[in-house]
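A.B. asks: sequence and predicted structure are below.
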Amino acid sequence: MKLSSTGLQNLRATSLRGQGMWEEFDFAEGMFKYCFYENDFLRYPDYDATNEWTLTQDAGTGGTVVLSDDIDFGELIITPHTDDNDWVELQFTAANAAGEFVSLAARKAIFFEVRVRLADITQSDAFVGLCITDADISDAGAGVPAATDYIGFAKDDGDAYWDFVSAKNSTETAKAAIATGVNDTYVILGFYVDGTSKAHSWINGVKGPVITTNLPDDEQLCFTFLSQNGAGAAKIMKVDFVQLARER
């Protein structure tokens, strides 16, 4: 069968970066069974802060989100202001975008994958994943994200580990230290959710821990990125790509 959907072709090509998880994805019927989104952050419309992405930051301001102009295949650069605990948060929720556009549902599969790196892995708070719309998910003393409903990957200040986290109505389940980060080095983080019962994590194409409780199955969610300084000086997050497929 000839695949005429550009989006599906992009998804098929980029999914090779994190092969293992995508073995569960039905490419043969993908264009009919799944709603999918893929962003390589190559050109201006991929990061449109007016019509698609909503940027918020702490009261210190001065943070920036820009597209790289000197790397193969694109990159989104998220830079907080320079003081300790300054943060920048990005959500796919602006008025002309889909807003909260995806939910976990019974008997429906969902795939999420992001390739991300942190300039200072230890002195950073960070989150990448799906989250309820919230203008401030920064560390309020109990880690990130400080939100009611989410699923994704969190990095706490003071360690070098990515955690797999999920929360429903402010109650969280976390699988700690599923991946060890390295300064300014990309890692591919993904999850596959089987309905509303199991969320399987994947790290660089290798299967990780599974979460079976507190999956956010009663809210719509959206793409969310957070970078927060764990010490003075901007702790930069770079996102190479993000992609999602959800069974219709």
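C.D. replies: Cool, the structure landed. Residues are numbered from 1 along each chain as shown.
A.B. asks: for the rest of this, base every contact and every neighbour count on C-alpha atoms.
C.D. replies: Will do.
A.B. asks: residue ranges with poor pLDDT in the protein?
C.D. replies: By pLDDT under 70, the weakly predicted segments of the chain are 1-19, 26-31, 94-98.
A.B. asks: quick one: the helices in it?
C.D. replies: 6-14, 30-33 (DSSP state H).
A.B. asks: who is residue 188 paired with across the strands?
C.D. replies: residue 115 (DSSP bridges).
A.B. asks: am I right that it is in contact with residue 116?
C.D. replies: Yes: the pair residue 188 / residue 116 is scored as a contact, 6.5 Å apart, by C-alpha atoms under 8 Å.
A.B. asks: now do the contacts for the nearest residue to residue 80 once chain neighbours are set aside.
C.D. replies: Distances taken as C-alpha to C-alpha, 6 or more residues apart in numbering put residue 63 closest to residue 80, at 4.2 Å, once the chain neighbours are dropped. Residue 63 is in contact with 57, 78-81, 87-88, counting by C-alpha atoms under 8 Å, 6 or more residues apart in numbering.
A.B. asks: in JSON lines, list these along with neighbour count and distance to residue 45.
C.D. replies: Below are the contacts of residue 63 laid out as JSON lines (neighbours: other C-alpha atoms under 10 Å; distance: C-alpha to C-alpha, whole Å):
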{"residue": "57", "neighbour count": "23", "distance to residue 45": "22"}
{"residue": "78", "neighbour count": "25", "distance to residue 45": "17"}
{"residue": "79", "neighbour count": "25", "distance to residue 45": "20"}
{"residue": "80", "neighbour count": "28", "distance to residue 45": "22"}
{"residue": "81", "neighbour count": "24", "distance to residue 45": "24"}
{"residue": "87", "neighbour count": "33", "distance to residue 45": "24"}
{"residue": "88", "neighbour count": "29", "distance to residue 45": "20"}
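A.B. asks: in strands, which of those fall?
C.D. replies: 57, 78-79, 87-88 (DSSP state E).
A.B. asks: make a markdown table from these and add distance to residue 110 to it.
C.D. replies: Formatted as a markdown table, these follow (distance: C-alpha to C-alpha, whole Å):
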| residue | distance to residue 110 |
| --- | --- |
| 57 | 29 |
| 78 | 26 |
| 79 | 29 |
| 87 | 29 |
| 88 | 27 |
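A.B. asks: show me which of the residues you listed is closest to residue 36.
C.D. replies: Checking those against residue 36 with C-alpha to C-alpha, the nearest one is residue 78 at 24.0 Å.
A.B. asks: bridged to that closest one, which residues?
C.D. replies: According to DSSP bridges, beta-bridge pairing links residue 78 with residue 65, residue 237.
A.B. asks: who's in contact with it?
C.D. replies: 63-66, 88, 227, 236-238.
A.B. asks: residue 161 now?
C.D. replies: 121, 155, 176-181.
A.B. asks: kindly recompute the last result at 6 Å.
C.D. replies: 177, 179-181 (C-alpha atoms under 6 Å, 6 or more residues apart in numbering).
A.B. asks: swap in residue 197?
C.D. replies: residue 212.
A.B. asks: that one and residue 168: what is the separation?
C.D. replies: 13 Å (C-alpha to C-alpha, to the nearest Å).
A.B. asks: go on, residue 189?
C.D. replies: For residue 189 relative to residue 168 (C-alpha to C-alpha), the value is 21 Å.
A.B. asks: one more: residue 223?
C.D. replies: In terms of C-alpha to C-alpha, residue 223 sits 17 Å off from residue 168.
A.B. asks: who's more crowded, the two?
C.D. replies: When residue 223 and residue 168 are compared for neighbours, residue 223 comes out ahead with 25 against 19, by other C-alpha atoms under 10 Å.
A.B. asks: done for today, thanks.
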